[in-house]
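Novice: Any chance you can model this:
(2 chains)
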Number of protein chains: 2
Amino acid sequence: MSELRRDPITGRWIITRTMTGIDTPSEFFHPRKMFEGIECPFCKGNENLTEPEIFAFRKEGSKPDDRNWAIRVFRDKYPILHTDSGIKKKGVGDAFLYDMINGFGVHEIIVETSKHITNFAELDIDQMKMVLMTYRIRLNKLRGDKRLKYGLVYRNQGYDPVVSLPHSHSQIIALPVVPKSVKEELVTSRNYFREKQRCLFCDIIKEERGYAARIVDEGDNFIAVIPYAPRFAFETHIYPLKHQSDFTKFPDSDLDELSKMIKNIFYKITKLLNNPPINLVLHTSPFKIPEEDYWDTIVQDYHWHIEIMPHAVPERGFEFGADFFITPPSPEISAKFLREVS
Amino acid sequence: MSELRRDPITGRWIITRTMTGIDTPSEFFHPRKMFEGIECPFCKGNENLTEPEIFAFRKEGSKPDDRNWAIRVFRDKYPILHTDSGIKKKGVGDAFLYDMINGFGVHEIIVETSKHITNFAELDIDQMKMVLMTYRIRLNKLRGDKRLKYGLVYRNQGYDPVVSLPHSHSQIIALPVVPKSVKEELVTSRNYFREKQRCLFCDIIKEERGYAARIVDEGDNFIAVIPYAPRFAFETHIYPLKHQSDFTKFPDSDLDELSKMIKNIFYKITKLLNNPPINLVLHTSPFKIPEEDYWDTIVQDYHWHIEIMPHAVPERGFEFGADFFITPPSPEISAKFLREVS
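Specialist: So this is what the prediction gives:
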């Protein structure tokens, strides 16, 4: 069982597992130590080692879960989120100080190639295009469930193979809340637009094109820049030059340029920094949530973008990408363990 | 040369170095590789390896920088912040879209013992009390400079000894801005108080004492709990039970209990989780900044606390503690390096 919980001080939602039957806390820390010494379940021929596929680019006439695929999507084998039991929201505590939603959501794995490639830069352009098309297809599918408010696409690369499979893959977590860092961007963009009648991101792009010193790559439709105030050394953001709030809506004909740019950034970072861990996060507009006060202007004031974050010291990427934390052992179980240390 | 820069999208301030004369980006990533194979500069007898001391608890009659000390404070040897050249604030870019302050601030190291101890839990209670007293003394000293707005006390423990010295020490970074995560807490506390005429943290403490399951340790004056929605597994916060916004102002007689509680939490986490990296961050009220709209109510609505964060996978602690990032290579230099990768 898992729960989404909101911290009343920061407004940050986190996911925690309220498991039972776990005897030692080390199991919380290495829930995937089972990867040690096993065959790669993401490789061609090992389809039976994953959950059944829910989407794929595959050879015409081939069958789901057979080996003739180029991109394959399935649910995480140990999902911390489910949609099985419906969504339940409640206040927690004597004064309802805390907010809780049961572990409602979807966690999908997108295997980006049937070959055992470990760096995004090694994909060829057609394969990269299929990955980006898969993001769009899955996001549009997931938004069909009106209980889901946000689909966060992200990639962790170069982490300890015991806890994160090295075979090139992306992940989508679809949530019943908007992660804090995206909500902040939405609110800031809305306020900026209301004041100035211009998109904040469009102004940033204009400034960066004029200044030029922070540009890493530029094409007809996209620009890659290091932000003025980055969180990580060599952090690079990719923006569409034309104003566009939703990643699923720009013309398919632009995918080729975007694919080349992503591949190029991963190649450059890998070469320059000797293959560091790299996270990628896609920030796009939320699924339709008319009850939120930023929704009314979202099409005119939000601007989707991709954030690529290399890490000299490996942090955990999802947390940084979304300001949205996954802490498997519940606070209650953790406190019990700590109390019992003599 | 360094700069504080504000990201216009998130409002997060970061520190970046705009160095020159650096040929390879790896030097940005391991600026302290000089620690490799050298003697510990924090040990008794090696006082000449650090900057001159600016404060110490030392034997009566002994002299600054001699070996008869119990706690020793000095400036960081490679400080990213200075106060030498005064404070300069300016808008950056054609439309002043970005905000910059020169690298104005103070970075102090507090060596917590003259013995080569690596875990906070190994300090004896009297030594721990002196550490906490040193926090109070240095914060009160630093607030004397009216250009500084916040003193962030933090500790990184258990990181790679090549990049972070293992000898038990704390750090204080005093800044001309309030770090984002603290500002968020201040604003949330103010809004909560305005609505309810009660302190949010006091309400949280009441809830936690009633529920009990998340309590790790409790005394007459302090309580240690795992928050309802923690960011990290086994993250533990210590709150004073009595309402108090400023860490430097509670009675000295309470320091004994607080020291025991901190030592106990570090001991428990170390034993339970097999000596993981642990960060500690002190969140206390800012230095006096009457121009900020949260200042007017700060004494009644903020509640200082200590956050202790163990890390199964080592992230960088300062960033998580403050939502305030240090990215040594400037975006301009980073972009240049990346552009030049062929």
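Novice: how about the helices in the stretch 151-300 of chain A?
Specialist: Here the stretch 151-300 of chain A has its helices, by DSSP state H, counting those that start in this stretch, at A:180-196, A:200-211, A:255-272, A:298-301.
Novice: Now render the ones you listed as a markdown table, adding mean pLDDT, distance to chain B and mean neighbour count.
Specialist: For glycine as for every other residue, the C-beta is placed from the backbone atoms N, C-alpha and C. Below are the helices of the stretch 151-300 of chain A laid out as a markdown table (pLDDT from 0 to 100; distance: least, Cβ to the nearest Cβ, whole Å; neighbours: other Cβ atoms under 10 Å in any protein chain shown):
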| stretch | mean pLDDT | distance to chain B | mean neighbour count |
| --- | --- | --- | --- |
| helix A:180-196 | 91 | 6 | 18 |
| helix A:200-211 | 95 | 5 | 19 |
| helix A:255-272 | 94 | 4 | 20 |
| helix A:298-301 | 83 | 12 | 18 |
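Novice: now the ones you listed as JSON lines including distance to A:Gly11?
Specialist: Listed next are the helices of the stretch 151-300 of chain A as JSON lines, based on distance: least, Cβ to Cβ, whole Å:
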{"stretch": "helix A:180-196", "distance to A:Gly11": "6"}
{"stretch": "helix A:200-211", "distance to A:Gly11": "21"}
{"stretch": "helix A:255-272", "distance to A:Gly11": "31"}
{"stretch": "helix A:298-301", "distance to A:Gly11": "19"}
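Novice: now for those helices, which one comes closest to A:Tyr154?
Specialist: Taking Cβ to Cβ, helix A:180-196 is the member of the helices of the stretch 151-300 of chain A nearest to A:Tyr154, at 11.8 Å.
Novice: Point out the other helices and strands that the closest one packs with.
Specialist: Contacts defined by 3 or more Cβ pairs under 8 Å, 6 or more residues apart in numbering or on different chains; DSSP states H and E place helix A:180-196 against helix A:200-211, strand A:278-283, helix A:298-301, helix A:317-322.
Novice: wait, which of the ones you listed is closest to A:Lys263?
Specialist: Among the helices and strands packed on helix A:180-196, strand A:278-283 comes nearest to A:Lys263, with 11.8 Å by Cβ to Cβ.
Novice: Please compute how far that closest one lies from its chain's middle.
Specialist: Distance of strand A:278-283 from the chain centroid (Cα atoms, centre = their mean, to the nearest Å) equals 6 Å.
Novice: and that strand, what other elements does it pack with?
Specialist: For strand A:278-283, the packing partners by 3+ Cβ pairs under 8 Å, 6+ apart are strand A:150-157, helix A:180-196, helix A:255-272, strand A:305-310, helix A:317-322.
Novice: hmm, who's touching that strand?
Specialist: Contacts to strand A:278-283, defined as Cβ atoms under 8 Å, 6 or more residues apart in numbering or on different chains, come from residues A:120, A:135, A:152-158, A:170, A:181-182, A:185, A:247, A:262, A:266, A:269-270, A:304-311, A:317-318, A:320-322.
Novice: Between strand A:150-157 and that strand, find me the angle.
Specialist: 170 degrees (axes from the mean of the first three to the mean of the last three Cα atoms, to 10 degrees).
Novice: re earlier: can I get the helices and strands packed on helix A:180-196 in TSV with distance to B:His107?
Specialist: Shown next, in TSV, are the helices and strands packed on helix A:180-196 (distance: least, Cβ to Cβ, whole Å):
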stretch	distance to B:His107
helix A:200-211	29
strand A:278-283	28
helix A:298-301	38
helix A:317-322	23
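Novice: for the stretch 201-342 of chain A, what are the low-confidence residue spans?
Specialist: Where the stretch 201-342 of chain A drops to pLDDT under 70, the residues are A:312-330, A:333-334, A:337.
Novice: what do you get if the cut-off is 80, keeping everything else the same?
Specialist: Applying pLDDT under 80 to the stretch 201-342 of chain A flags the ranges A:231-233, A:289-297, A:299, A:311-342.
Novice: try the stretch 1-150 of chain A
Specialist: For the stretch 1-150 of chain A, the stretches with pLDDT under 80 are A:1, A:17-38, A:78-80.
Novice: hey, where'd the strands end up in it?
Specialist: For the stretch 1-150 of chain A, the strands defined by DSSP state E, counting those that start in this stretch cover A:2-6, A:13-17, A:53-58, A:69-75, A:89-92, A:98-102, A:106-111, A:150-157.
Novice: now these in JSON lines, with mean neighbour count and distance to A:Met128?
Specialist: Shown next, in JSON lines, are those (neighbours: other Cβ atoms under 10 Å in any protein chain shown; distance: least, Cβ to Cβ, whole Å):
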{"stretch": "strand A:2-6", "mean neighbour count": "21", "distance to A:Met128": "32"}
{"stretch": "strand A:13-17", "mean neighbour count": "24", "distance to A:Met128": "30"}
{"stretch": "strand A:53-58", "mean neighbour count": "18", "distance to A:Met128": "12"}
{"stretch": "strand A:69-75", "mean neighbour count": "21", "distance to A:Met128": "10"}
{"stretch": "strand A:89-92", "mean neighbour count": "12", "distance to A:Met128": "38"}
{"stretch": "strand A:98-102", "mean neighbour count": "20", "distance to A:Met128": "35"}
{"stretch": "strand A:106-111", "mean neighbour count": "22", "distance to A:Met128": "12"}
{"stretch": "strand A:150-157", "mean neighbour count": "24", "distance to A:Met128": "12"}
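Novice: Just put those in a markdown table and tack on distance to A:Val216.
Specialist: What follows is the strands of the stretch 1-150 of chain A, written out as a markdown table (distance: least, Cβ to Cβ, whole Å):
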| stretch | distance to A:Val216 |
| --- | --- |
| strand A:2-6 | 36 |
| strand A:13-17 | 32 |
| strand A:53-58 | 29 |
| strand A:69-75 | 27 |
| strand A:89-92 | 42 |
| strand A:98-102 | 39 |
| strand A:106-111 | 25 |
| strand A:150-157 | 18 |
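Novice: Return the residues in contact with A:Gln244.
Specialist: By Cβ under 8 Å, 6+ apart, the contact list for A:Gln244 reads A:Phe250, A:His303, A:Trp304.
Novice: Going through those, which ones are buried?
Specialist: A:Phe250, A:His303, A:Trp304 (16 or more other Cβ atoms under 10 Å in any protein chain shown).
Novice: which residues sit in contact with A:Asn48?
Specialist: A:Asp65.
Novice: should've said A:Val106
Specialist: A:Arg75, A:Leu81, A:Thr83, A:Leu142, A:Asp145, A:Leu148, A:Ile172, A:Ile173, A:Ala174.
Novice: now swap in A:Gly103 and tell me
Specialist: A:Met1, A:Ser2, A:Glu3, A:Leu4, A:Ile15, A:Arg17, A:Ile80, A:Leu81, A:His82.
Novice: Verify the contact between the last one and A:Asp76 for me.
Specialist: No: under the contact definition of Cβ atoms under 8 Å, A:His82 does not touch A:Asp76, with a separation of 10.4 Å.
Novice: does A:Gly11 really touch A:Lys180, like I thought?
Specialist: Yes: the pair A:Gly11 / A:Lys180 is scored as a contact, 6.1 Å apart, by Cβ under 8 Å.
Novice: End to end on stretch A:194-202, go ahead and measure it.
Specialist: One end of stretch A:194-202 sits 14 Å from the other (Cα to Cα, to the nearest Å).
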